[in-house]
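1. Generate a structure from the sequence data that follows.
(chains A, B and C)
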Amino acid sequence: MGRQPCCDKVGLKRGPWTIEEDNKLMNFILNNGIQCWRLVPKLAGLMRCGKSCRLRWINYLRPDLKRGAWTEAEEDMIIELHSRLGNRWSKIAAHFPGRTDNEIKNHWNTKIKKKLKFLGLDPLTHKPIDQPENRVSKKTGSIEIQNSEPLDAISYIVGTNDIQLEDPFQNWIDSPLPWDVFSSLGENFL
DNA sequence: AACACTAGCAACCGCAGATTA
DNA sequence: ATAATCTGCGGTTGCTAGTGT
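-> Purely as a prediction, here's the structure:
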């Protein structure tokens, strides 16, 4: 019983997407929307599995994607969210319109992890790795020897012990994502 | 100029939970 | 109720461009 398989994996193309494939997928989704990923490659004339199409669309082709450098504020927000949510990249990405979970994950693994380690913080726990009384000055980069209680890692990086996430961030959590526009787009076209 | 190393990113893989016949 | 499939997620890999020697 059950449903039909996602794809038979026979004769399917893998590896980097070509411009032609991108165009096919983009045109198909913009014109027809997404009802079932399994059918997308078949209907769009692509030798890819639905999973691959979905990934390509979400991570690269979506028109609402925001590309470009990360701001310091964005990085701080990632660190804060990661301290609360852990490696739940999709949850973290929900707070960044136009950014994908894959993009955030990559940025975390290539940049932020190193940044935290450089600052003497464990990327997993967000706590000082050792010598918790020693801090690196955020402004000067110099090490400050302290005898006081270790700061909460996030408060320390962001620069405050009294983070108010509720207002700007909560607005995003509560508000519908722009992505909804495309959902309705699909319904209209089919 | 040639090679080795590193960083960044796109894409794949495998799994878990949700969905459906 | 059950089994098969779909979807989405997180971890990992592999390719490419940039940099150093």
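2. so when I look at A:Trp57, I'm seeing a strand, right?
-> No. Looking at A:Trp57 with DSSP: H, G, I helix; E, B strand; the rest coil, it is helix, so not inside a strand.
3. That one: what's it in contact with?
-> A:Leu25, A:Met26, A:Ile29, A:Ile34 (Cβ atoms under 8 Å, 6 or more residues apart in numbering). C-beta: built from backbone N, CA, C; applies to glycine.
4. can you list the domain ranges for chain A.
-> The record's domain split for chain A, according to automatic domain parsing, is A:19-63, A:72-175.
5. what about chain A, any weak spots by pLDDT?
-> Applying pLDDT under 70 to chain A picks out residues A:1-10, A:130-190.
6. Get me the contact residues on chain A for DNA strand B.
-> A:1-3, A:14-17, A:51-52, A:55-56, A:59-60, A:102-103, A:105-107, A:109-111, A:114 (Cβ under 7 Å from any atom of the strand).
7. Just the buried ones out of those, please.
-> Buried subset of those (neighbour count, 16 or more other Cβ atoms under 10 Å): A:Trp17, A:Ser52, A:Leu55, A:Arg56, A:Tyr60, A:Glu103, A:His107.
8. end to end, how far does stretch A:87-104 reach?
-> 10 Å (Cα to Cα, to the nearest Å).
9. just stretch A:55-72 next, same as before
-> Per Cα to Cα, stretch A:55-72 runs 27 Å from first to last residue.
10. ok so, going back, looking at the residues of chain A next to DNA strand B, which are in helices?
-> In helices, defined here by DSSP state H, the members of the residues of chain A next to DNA strand B are A:Lys51, A:Ser52, A:Leu55, A:Arg56, A:Asn102, A:Glu103, A:Lys105, A:Asn106, A:His107, A:Lys114.
11. Save the residues you listed as TSV, and put in distance to A:Glu80 too.
-> Formatted as TSV, these follow (distance: Cβ to Cβ, whole Å):
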residue	distance to A:Glu80
A:Lys51	31
A:Ser52	33
A:Leu55	27
A:Arg56	30
A:Asn102	20
A:Glu103	18
A:Lys105	16
A:Asn106	19
A:His107	14
A:Lys114	18
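12. Show me where chain A has its strands.
-> A:134-136, A:143-145 (DSSP state E).
13. Can you list the residue ranges for helices in chain A?
-> A:19-32, A:40-44, A:50-56, A:72-85, A:89-93, A:101-107, A:113-118, A:153-158, A:166-174, A:180-189.
14. which helices and strands does the first one pack with?
-> Going back to what we said before, that points to helix A:19-32. When contacts are defined as 3 or more Cβ pairs under 8 Å, 6 or more residues apart in numbering; DSSP states H and E, helix A:19-32 packs onto helix A:40-44, helix A:50-56, helix A:180-189.
15. Ok, the fifth one next?
-> In this structure, helix A:89-93 makes packing contacts with helix A:72-85, helix A:101-107, judged by 3+ Cβ pairs under 8 Å, 6+ apart.
16. Relative to A:Met47, which of the ones you listed is closest?
-> Closest approach to A:Met47 among the helices and strands packed on helix A:89-93 is made by helix A:101-107 (22.6 Å; Cβ to Cβ).
17. Done for today, thanks.
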